[in-house]
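**Q** No letters, just coordinates:
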């Protein structure tokens with residue numbers, strides 16, 4: 001799922017990294033909660049003179065990141081660190097001019113404490129970039145599928161209700177918390193992603209399939225029999241109604257970016 005997200009949304013990610021308010025290119029970047037490396041590799045491309053310390057709690061994610069960095073000839077510019085960012089102490093991460101956290105802060109047990117730690121980590125005058133997602137992307141037209149129009153909207157509403165209790169910081173406005181931690185928020189913007197069927201790329205079907213599978217895991221308990229049947233038909237890769245066979249898939253999502261300075 002993370003790899004597909006990176007492949008399909010590579011251009012919007014490049015737009016985000018290009019828009020960071022940096023007076024000069026950073027030499028050392030820390031990527032907190034790097035996953036399989038979408039942000040790490042985008043930052044390496046954006047700042048060819050930089051090195052990135054990529055931090056994640058998953059050994060599998062870090063292995064995948066190493067493989068991708070090797071394939072792109074950038075492995076010598078990446079330092080992999082396996083660490084639990086909710087632990088009492090963090091490993092030594094150096095003195096970065098830029099810290100990047102994409103879709104990771106809302107998973108922290110105590111985000112306010114994490115922000116204070118980042119404030120102490122980044123060099124004075126350095127930048128902290130926080131990127132958060134607007135949930136899972138949407139792929140289907142509003143009147144699809146024919147037997148259950150609006151299915152995706154109902155699935156996302158069910159997920160939002162579930163996440164409200166389980167991931168309370170999802171969808172948070174990080175601006176006030178960043179300021180409370182000592183940062184000055186210099187920019188907040190929302191990047192809308194709207195890729196039509198003609199420009200979503202060949203991976204869009206697989207991306208939709210992976211996303212809708214995850215959506216089913218979280219929303220199935222709240223769906224009607226009609227909706228669940230329609231969703232399962234979309235997920236049946238051997239069936240005639242498979243999402244892989246649709247020619248009308250698009251990608252619609254948003255990314256909100258906060259750029260905060262340690263002054």
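**A** Arrived safely, thanks for sending. None of these values were measured; they are calculated from a predicted model.

**Q** just for the stretch 1-150 of the chain, where's the confidence low?
**A** Nowhere does the stretch 1-150 of the chain drop to pLDDT under 70.

**Q** just the helices in it please.
**A** With helices called from DSSP state H, counting those that start in this stretch, the stretch 1-150 of the chain shows them at 2-8, 10-18, 38-46, 59-71, 111-121.

**Q** who touches whichever strand or helix holds residue 211?
**A** In this structure, residue 211 is located in helix 204-219 according to DSSP states H and E. Contacts with helix 204-219, where a contact means CB atoms under 8 Å, 6 or more residues apart in numbering, come from 1, 4-5, 7-8, 136-137, 139, 154-156, 158-159, 162-163, 195, 197, 231-232, 234-235, 237, 242-244, 246, 249-251. C-beta here means a position set from N, CA and C on the backbone, and glycine is covered the same way.

**Q** Which elements pack onto the helix or strand just after it?
**A** Toward the C-terminal end, the helix or strand that comes next after helix 204-219 (DSSP H and E) is helix 225-235. With contacts taken as 3 or more CB pairs under 8 Å, 6 or more residues apart in numbering; DSSP states H and E, helix 225-235 sits against helix 151-166, helix 204-219.

**Q** switch the cut-off to 6 Å
**A** Of the remaining helices and strands, none touches helix 225-235 by 3 or more CB pairs under 6 Å, 6 or more residues apart in numbering; DSSP states H and E.

**Q** List the buried residues of the following helix or strand past that helix.
**A** Counting by DSSP H and E, the next helix or strand C-terminal to helix 225-235 is strand 251-262. Applying a neighbour-count criterion of 16 or more other CB atoms under 10 Å, the buried positions in strand 251-262 are 251, 253, 255-262.

**Q** Check stretch 240-252 too.
**A** Buried residues in stretch 240-252, defined by neighbour count with 16+ other CB under 10 Å: 243-244, 246, 249-251.

**Q** again with stretch 137-149
**A** Of the residues in stretch 137-149, those buried under the neighbour-count criterion (16+ other CB under 10 Å) are 137-140, 144-145, 148.

**Q** do stretch 110-128 as well
**A** By neighbour count on 16+ other CB under 10 Å, the buried set for stretch 110-128 is 111, 114-119, 121-122, 126-128.

**Q** Save these as TSV, and put in distance to residue 176 too.
**A** Output for the buried residues of stretch 110-128, formatted as TSV (distance: CB to CB, whole Å):
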residue	distance to residue 176
111	12
114	15
115	11
116	14
117	18
118	15
119	14
121	20
122	19
126	20
127	18
128	14
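
**Q** now for those residues, which pair is the farthest apart?
**A** Farthest-apart pair in the buried residues of stretch 110-128 is 111 and 126; separation 19.2 Å (CB to CB).

**Q** could you check the angle helix 225-235 makes with the helix holding residue 211?
**A** Angle of helix 204-219 versus helix 225-235, following axes from the mean of the first three to the mean of the last three CA atoms, to 10 degrees, is 150 degrees.

**Q** Residue 257 pairs with what?
**A** Residue 257 forms beta bridges with residue 131, residue 189, as assigned by DSSP bridges.

**Q** need the contact list for it.
**A** 16, 131, 189 (CB atoms under 6 Å, 6 or more residues apart in numbering).

**Q** Any figure for the gap between it and residue 117?
**A** 20 Å (CB to CB, to the nearest Å).

**Q** Residue 200 too?
**A** 38 Å.

**Q** correct me, but residue 101 touches residue 131?
**A** No - between residue 101 and residue 131 there is no contact under CB atoms under 6 Å: 7.1 Å.

**Q** who has more neighbours, the two?
**A** residue 101 (27 against 21; other CB atoms under 10 Å).

**Q** which residue sits closest to that one, ignoring its sequence neighbours?
**A** Of all residues not flanking residue 101 in the chain, residue 32 sits nearest, at 4.5 Å (CB to CB, 6 or more residues apart in numbering).

**Q** so who does that neighbour touch?
**A** Residue 32 neighbours (CB under 6 Å, 6+ apart): 55, 101, 104.

**Q** got the contact list for stretch 37-45?
**A** Contact with stretch 37-45 is made by 6, 13, 17, 29, 31, 34, 52, 54, 65, 68, 74, 77, 100, 102, as judged by CB under 6 Å, 6+ apart.
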